[in-house]
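Chemist: structure here, sequence nowhere to be found:
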């Protein structure tokens, strides 16, 4: 089976079926880099939507592995409630063993629009109330757990939602107009964003101490780009972008 990577889809599950039909995709692992888009509707409704495309995945022997983005409900990725054989929600720090590759998956990121997505209770400062209709969750962030990284060996590929601070985009000299506008109403946002990128950098330092990381795939930033740094190709996938490294076809 081949391995492909898919950018943020934000609940547009139909896109996967469209790609399968358009490109005749079969016998494939698709790793989705976060912002899969689950948790915004009732569990019953989201399961029904996923089941619409699941039969096609089974028929074509395509398995989708989704990591957690900032537009995903953490609890679903800690204990996948959907029970579908060919759509799997992947817990943070899981290592997938696929086609001779060991692929480390780490989800989570900060939403720049978090204050805009607060519920009524959250706007009043109460973040403990669970209505079942949240559009933002306080535990959306990437959590650096170094103890889960220090003993890892033979990791070939890393998939995350956000990225180290030396990857695209470089926010060292500031943010764009959109994020700067949000920072004006969310004074802690700039510090939190820079801190998360720094923590991901430190996580990568630990990973690379004992592993030769050939590729790193990530999303979150809604653009497509690639840099090679410290022996690793870091590929940023745009929204809905489907990517495959050609060497897997050899």
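Modeler: Nice, I can see it. Because the structure is a prediction, the values reported are computed rather than measured.

Chemist: going forward, measure contacts and count neighbours with C-alpha atoms only.
Modeler: Fine.

Chemist: excluding its backbone neighbours, what's nearest the residue most central in space within the chain?
Modeler: The residue lying closest to the centre of the chain (CA atoms, centre = their mean) is residue 34, at 2.2 Å. With sequence-adjacent residues excluded and distances taken as CA to CA, 6 or more residues apart in numbering, residue 34 is closest to residue 69, at 4.0 Å.

Chemist: now do the SS call for that neighbour.
Modeler: At residue 69 the chain is in coil, as set by DSSP: H, G, I helix; E, B strand; the rest coil.

Chemist: now do it against residue 8, distance only.
Modeler: Distance, residue 69 to residue 8, by CA to CA, to the nearest Å: 8 Å.

Chemist: hey, what's in contact with both of the two?
Modeler: 33, 34, 35, 36, 220 (CA atoms under 8 Å, 6 or more residues apart in numbering).

Chemist: what sits closest to residue 189 if chain neighbours are left out?
Modeler: In space, residue 189 is closest to residue 183, 5.7 Å off (CA to CA, 6+ apart).

Chemist: name the next helix or strand downstream of the helix ranked longest in the chain, please.
Modeler: Ranked by number of residues, the top helix in the chain under DSSP state H is helix 189-210. As assigned by DSSP states H and E, the chain's next helix or strand after helix 189-210 is strand 215-218.

Chemist: run through who's touching that next one.
Modeler: 5, 7, 33, 156-163, 232-237.

Chemist: mind listing the helices for this structure?
Modeler: Under DSSP H, the chain gives helices at 14-23, 43-59, 74-78, 120-123, 177-183, 189-210.

Chemist: just to revisit the earlier point, isn't the residue nearest to residue 189 up against residue 191?
Modeler: No. With contact defined as CA atoms under 8 Å, residue 183 does not count as touching residue 191 (9.6 Å).

Chemist: ok, the two, which is more surrounded?
Modeler: Shown here are residue 183 and residue 191; by other CA atoms under 10 Å, residue 183 has more neighbours (17 against 10).

Chemist: re the thing from before, distance of the residue nearest to the centre of the chain from residue 236?
Modeler: Applying CA to CA to residue 34 and residue 236 gives a distance of 12 Å.

Chemist: not counting sequence-adjacent ones, nearest residue to residue 132?
Modeler: Computed as CA to CA, 6+ apart, the closest residue to residue 132 that is not its neighbour in sequence is residue 42, at 7.3 Å.

Chemist: quick one, phi psi at the one you found?
Modeler: phi -60, psi 150 (degrees, to the nearest 10).

Chemist: thinking again about what came up before, tell me how many other residues surround the residue nearest to residue 34.
Modeler: 31.

Chemist: next one: residue 159
Modeler: Residue 159 has 26 neighbours, counted by other CA under 10 Å.

Chemist: what pLDDT is listed against residue 13?
Modeler: Looking at residue 13, its pLDDT stands at 95.

Chemist: correct me if wrong: the residue nearest to residue 34 contacts residue 140.
Modeler: Yes. Judged on CA under 8 Å, residue 69 makes contact with residue 140 at a distance of 7.2 Å.

Chemist: quick check: neighbours shared by these two?
Modeler: By CA under 8 Å, 6+ apart, the residues touching both residue 69 and residue 140 are 108, 109.

Chemist: what's the spacing between residue 93 and residue 158?
Modeler: Distance from residue 93 to residue 158, by CA to CA: 10 Å.

Chemist: so between the two, which is more surrounded?
Modeler: residue 158 (23 against 19).

Chemist: list the contacts of the more buried one.
Modeler: Here residue 158 is in contact with 103, 104, 105, 106, 213, 215, 216, 217 (criterion: CA under 8 Å, 6+ apart).

Chemist: go ahead and confirm the second one touches residue 94.
Modeler: Yes. Look at residue 104 against residue 94 with CA under 8 Å: they come within range, at 5.9 Å.

Chemist: who's more crowded, the two?
Modeler: Neighbours were counted for residue 104 and for residue 94 using other CA under 10 Å; residue 104 has more, 22 against 15.
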